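Visitor: Take this sequence and fold it.
(one chain, ligands or ions: 2)
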Amino acid sequence: MSVKLLLVGCGNMGFAMLDGWVRSAKLVPGEVFAIEPNEALRDRAARLGVPVAASADDIPADTDPTVVIFAVKPQMMREAVPAYRRFADKAAFVSIAAGTGVAALQDLLGSDAAIIRCMPNTPAAIGKGMMVVYANPNVSPETREFVTELLSASGEVAEIDDERLMDAVTAVSGSGPAYVFHFIECLAAAGEKVGLPADVAKLLAMQTVYGAASLARESGEEPGRLREQVTSPNGTTAAALGVLMGEDRLKSLVADAVEAARARGEELGKS
Ligand SMILES: NC(=O)C1=CN([C@@H]2O[C@H](COP(=O)(O)OP(=O)(O)OC[C@H]3O[C@@H](n4cnc5c(N)ncnc54)[C@H](OP(=O)(O)O)[C@@H]3O)[C@@H](O)[C@H]2O)C=CC1
Ligand SMILES: O=C(O)[C@@H]1CCC=N1
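Guide: Ligands and ions are numbered 1, 2, ... in the order given. Here you go, the predicted structure:
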């Protein structure tokens, strides 16, 4: 079977995507070849049936991928990427690294390289990710379609045509799951504080976020309208929202958090 995809880095995000592709049968394991220096993470990928090697030197000589995906830390890109320049004639490159721009990737891969920046998020592992894509002009329509189709197995795919928005995308949907997980932690902790057993508080917090996100997504209603439907005049929700929304407290806190993430993405792009 021929390898269509080289996955460079099988850590948190690389594995989440790989897991999603194999589980959804978008790719059969033999169509992917993974490179991962960490032995435990190699074993985890191998358990999916995916062939995996410790370094680029161990890729079989006849490997002719359609796409090479970089899923290593931004700080590792300069070291990791050049080993794959030999595939630039035929393959397109997808980078999920926060901050690393197309210009930096072209420095490492050649100015003719077909490059796609993609910002995924970890819900990709269960097919509920948000995958945002920016392609440089060297990417052919066929490759674009192949990559979009592949990513669609990981969740929703959106394309942007202004690369400068990528740090903002990273700050909202790339890092976003962490904000939501922290909100679940906070809601569960608050539940315990008002007397609920820990396991009950965690279940209530998790299911509430899950149900509310699903309702927002499936009902087609504006989130603000759905919020109003929960809020009885002078009732319990109004009391809580007075705390969260008074002086735009949560709104400005979230805005500060998103701006910190965006600025860090910009900074990573300069290093
Ligand atoms: N985690 C997330 O939610 C998201 C991450 N991203 C981006 O994804 C990228 C990866 O992040 P994440 O998965 O969290 O990081 P991880 O550290 O979990 O995964 C990266 C993996 O790549 C390995 N690695 C290092 N050098 C090489 C190399 N030369 N060849 C192959 N593999 C190598 C690392 O091994 P070792 O640890 O031994 O160095 C590590 O296991 C980052 O650029 C990040 O910006 C984007 C969106 C969301
Ligand atoms: O924290 C990070 O830098 C990466 C990028 C988006 C999510 N995780």
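Visitor: Which residues of the stretch 1-150 of the chain lie near ligand 1?
Guide: 8-9, 11-14, 35-38, 41, 71-74, 76, 80, 96-98, 119-122 (C-beta under 6 Å from any ligand atom). Any C-beta I mention is one placed from the backbone N, CA and C, and that applies to glycine too.
Visitor: Of those residues, which qualify as buried by neighbour count?
Guide: Taking 16 or more other C-beta atoms under 10 Å as the criterion, what is buried in these is 8-9, 13-14, 35-36, 41, 71-72, 74, 80, 96-98, 119-122.
Visitor: from this structure, which residue is nearest to ligand 1?
Guide: residue 11 (1.8 Å; C-beta to the nearest ligand atom).
Visitor: Please report phi then psi for that residue.
Guide: Phi and psi for residue 11, reported as degrees, to the nearest 10, are phi -80, psi -140.
Visitor: does the nearest residue to it once chain neighbours are set aside count as helix, strand or coil?
Guide: Closest residue to residue 11 apart from its sequence neighbours, by C-beta to C-beta, 6 or more residues apart in numbering: residue 41 at 6.3 Å. Here residue 41 is helix, with the state taken from DSSP: H, G, I helix; E, B strand; the rest coil.
Visitor: pLDDT value on residue 41, please?
Guide: You'll see residue 41 listed with a pLDDT of 98.
Visitor: quick one: it and residue 12 touch, right?
Guide: No. Using C-beta atoms under 8 Å, residue 41 makes no contact with residue 12, being 9.5 Å away.
Visitor: wait, what's in contact with residue 254?
Guide: Shown in contact with residue 254 (C-beta atoms under 8 Å, 6 or more residues apart in numbering): residue 179.
Visitor: In CSV, please show the C-alpha coordinates belonging to the helix or strand where it lies.
Guide: For residue 254, the element it lies in under DSSP states H and E is helix 249-270. What follows is helix 249-270, C-alpha atoms only, in CSV (Å, rounded to 0.1, in the frame of the first residue of the first chain):
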residue,chain,number,x,y,z
ARG,A,249,-16.4,41.0,33.7
LEU,A,250,-16.3,37.7,31.9
LYS,A,251,-16.3,39.4,28.5
SER,A,252,-13.2,41.5,29.2
LEU,A,253,-11.5,38.6,30.9
VAL,A,254,-12.0,36.4,27.9
ALA,A,255,-10.9,39.2,25.6
ASP,A,256,-7.7,39.6,27.6
ALA,A,257,-7.1,35.9,27.4
VAL,A,258,-7.6,35.7,23.7
GLU,A,259,-5.4,38.8,23.1
ALA,A,260,-2.6,37.1,25.2
ALA,A,261,-2.8,34.0,23.1
ARG,A,262,-2.9,36.0,19.8
ALA,A,263,0.2,38.1,20.9
ARG,A,264,2.0,34.9,21.9
GLY,A,265,1.3,33.4,18.5
GLU,A,266,2.8,36.5,16.9
GLU,A,267,5.8,36.3,19.2
LEU,A,268,6.4,32.6,18.3
GLY,A,269,6.3,33.6,14.6
LYS,A,270,9.2,36.0,15.2
